[in-house]
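Peer 1: this one's sequence-less:
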Ligand SMILES: O=C(O)C1=C[C@@H](OP(=O)(O)O)[C@@H](O)[C@H](O)C1
Ligand SMILES: C=C(OP(=O)(O)O)C(=O)O
């Protein structure tokens, strides 16, 4: 059993010549596990009353940071092969959570939001810090809610990182109102730890909008799988209210689905080159937002077939613009914008103002980088307006954002001479991206 170190993004900011396709791709691409499922699975297993397994976990910067943080708190995570001897599996052995610990969140929204509630259960202070961008990403929803539920947190009044959560071994819990319009992860964070709060939790979202609803569904589904009792709006509960009862959690044997948002660039490659890409193990039912790509990329000109072999997506060589509300599936925006820049008609991407506070300001970054290749993109109040124009080569900057790197690579398939700055930033969720991309083109 080995414990691997967390890859960092401190690699030199090099330029990676994005491969130009020159013809239709025809490939089968096996995509590693979902970041969102892996990090929820780790948290729930760490909070359980008995050991559990996580099979086919994603091994990337965000998930290794989560694993490292949980280990620092006393949880044992043994990396090895699964009970049936096939494939990678992590055995998670819960333990009383230790304080006087430090957590590096990197720039992982799931780590910076999901772990503060967990650490209220530790027996001492837990210091949180991360990449410079982590200081700018919204955390106030989690901090304010935890204080209202009984936690003591020192954040220097910033409502953001760095901060210290003074774990007291338990948290009272109860009712709380939050405004989660800047991130659905505020809601998910509170729900995930709530079975271990004395009174559980009732979270009421009071903001004007709530992004990334499928990710909240994922939280609810995964809580139910480990035995938690959850009342929520979609199964007859009050709108915008989630209730989790206090209970012990079961240790499960969970298999992580492929990351459908990381499947996006490969599906886009089929669309952009008029080729065909199959993603094995595409789930027939899932809460992952990437599943919406079947509909979105079909509307943009391709077609797809979901069979036992997986999802096969076929492009026609023609790409159409789209007018679409992406509020539920915001993390797909960079890849959709890249395809839209190559389309035969304009696109409007709506409902994603909160992307300004993601890994980078994604609306500004996409606008600038596509325009520097000759494009015509304008930011709207809540999204992007993209009028396709002939593009030329140049440097595509990535701003430490994995999805900027994959978006630039999609454009590079159709435009010669695109160079991706710091492609290593894909390590956040898909460390093997450059190799996978090159192999896809080799067929
Ligand atoms: O809970 C999750 O796993 C995620 C929720 C979403 O966050 P926001 O609601 O902040 O957009 C999404 O963009 C992120 O990539 C993953
Ligand atoms: C927004 C994203 O990540 P995070 O979990 O850091 O919020 C993303 O992966 O697109």
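Peer 2: That came in fine, so what should we check first? What you see is a predicted model, and the numbers here were worked out from it, not measured in a lab. Numbers count the residues shown, from 1 in each chain. Ligands and ions are numbered 1, 2, ... in the order given.
Peer 1: What residues does the stretch 51-200 of the chain have near ligand 1?
Peer 2: 109, 110, 183, 184, 185, 188 (Cβ under 6 Å from any ligand atom). Just so you know, the C-beta spots here come from the backbone N, C-alpha and C atoms, and that holds for glycine as well.
Peer 1: swap the cut-off to 5 Å and go again
Peer 2: Residues of the stretch 51-200 of the chain lying close to ligand 1 by Cβ under 5 Å from any ligand atom are 183, 184, 185, 188.
Peer 1: okay if I get these as TSV plus pLDDT and neighbour count?
Peer 2: Formatted as TSV, those follow (pLDDT from 0 to 100; neighbours: other Cβ atoms under 10 Å):
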residue	pLDDT	neighbour count
183	98	25
184	98	27
185	98	26
188	98	31
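Peer 1: can you tell me which of those residues are in helices?
Peer 2: 185, 188 (DSSP state H).
Peer 1: Verify the contact between residue 403 and residue 336 for me.
Peer 2: No - between residue 403 and residue 336 there is no contact under Cβ atoms under 8 Å: 10.4 Å.
Peer 1: between the two, who's got more neighbours?
Peer 2: Neighbours of residue 403 and residue 336, each counted by other Cβ atoms under 10 Å, are more numerous for residue 403; the result is 31 against 28.
Peer 1: quick one, what contacts residue 213?
Peer 2: 184, 328 (Cβ atoms under 8 Å, 6 or more residues apart in numbering).
Peer 1: Now do residue 33 against residue 277, distance only.
Peer 2: 19 Å (Cβ to Cβ, to the nearest Å).
Peer 1: which ones are touching the residue lying closest to residue 393 once chain neighbours are set aside?
Peer 2: What sits nearest to residue 393 in space, not counting adjacent residues and going by Cβ to Cβ, 6 or more residues apart in numbering, is residue 417, at 2.1 Å. Residues near residue 417 by Cβ under 8 Å, 6+ apart: 17, 20, 392, 393, 394.
Peer 1: Please pick the buried ones from the residues you listed.
Peer 2: residue 393 (16 or more other Cβ atoms under 10 Å).
Peer 1: So which of the contacts of residue 417 belong to strands?
Peer 2: 17, 394 (DSSP state E).
Peer 1: Adding pLDDT, write the contacts of residue 417 out as TSV.
Peer 2: Putting those into TSV (pLDDT from 0 to 100) gives the following:
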residue	pLDDT
17	97
20	98
392	98
393	98
394	98
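Peer 1: Closest one to residue 326 out of the contacts of residue 417, please.
Peer 2: Among these, residue 394 lies closest to residue 326 (Cβ to Cβ), at 26.0 Å.
Peer 1: Quick check: that closest one touching residue 420?
Peer 2: No - using Cβ under 8 Å, residue 394 is not in contact with residue 420, being 10.8 Å away.
Peer 1: close to ligand 2, is the helix or strand hosting residue 113?
Peer 2: Assigned by DSSP states H and E, residue 113 belongs to helix 109-119. Yes - if you take Cβ under 5 Å from any ligand atom as the test, helix 109-119 does meet ligand 2, through 109, 110.
Peer 1: Domain-wise, how is this protein divided?
Peer 2: If you go by automatic domain parsing, the domain ranges for the chain are 15-33+258-442, 35-255.
Peer 1: Quote the end-to-end distance of the first one.
Peer 2: In domain 15-33+258-442, first residue to last residue: 21 Å (Cα to Cα, to the nearest Å).
Peer 1: Tell me the gap between that domain and the middle of its chain.
Peer 2: For domain 15-33+258-442, the separation from the chain centroid amounts to 15 Å (computed by Cα atoms, centre = their mean, to the nearest Å).
Peer 1: Find the nearest non-adjacent residue to the residue of the stretch 201-350 of the chain found nearest ligand 2, please.
Peer 2: Per Cβ to the nearest ligand atom, residue 331 is where the stretch 201-350 of the chain lies closest to ligand 2, at 3.6 Å. Once flanking residues are discounted, residue 331 sits nearest to residue 261: 5.2 Å by Cβ to Cβ, 6+ apart.
Peer 1: surely the one you found meets residue 290?
Peer 2: Yes - between residue 261 and residue 290 there is a contact at 4.3 Å, judged by Cβ under 8 Å.
Peer 1: shared neighbours of those two, anything?
Peer 2: residue 332.
Peer 1: re earlier: quick check: the residue nearest to residue 393 vs residue 332, distance?
Peer 2: Computed as Cβ to Cβ, the residue 417 to residue 332 distance reads 26 Å.
Peer 1: Sheet partners, orientation included, of the helix or strand hosting residue 177?
Peer 2: Here residue 177, judged by DSSP H and E, is contained in strand 174-178. According to DSSP bridges, strand 174-178 forms sheet pairs with strand 201-205 (parallel).
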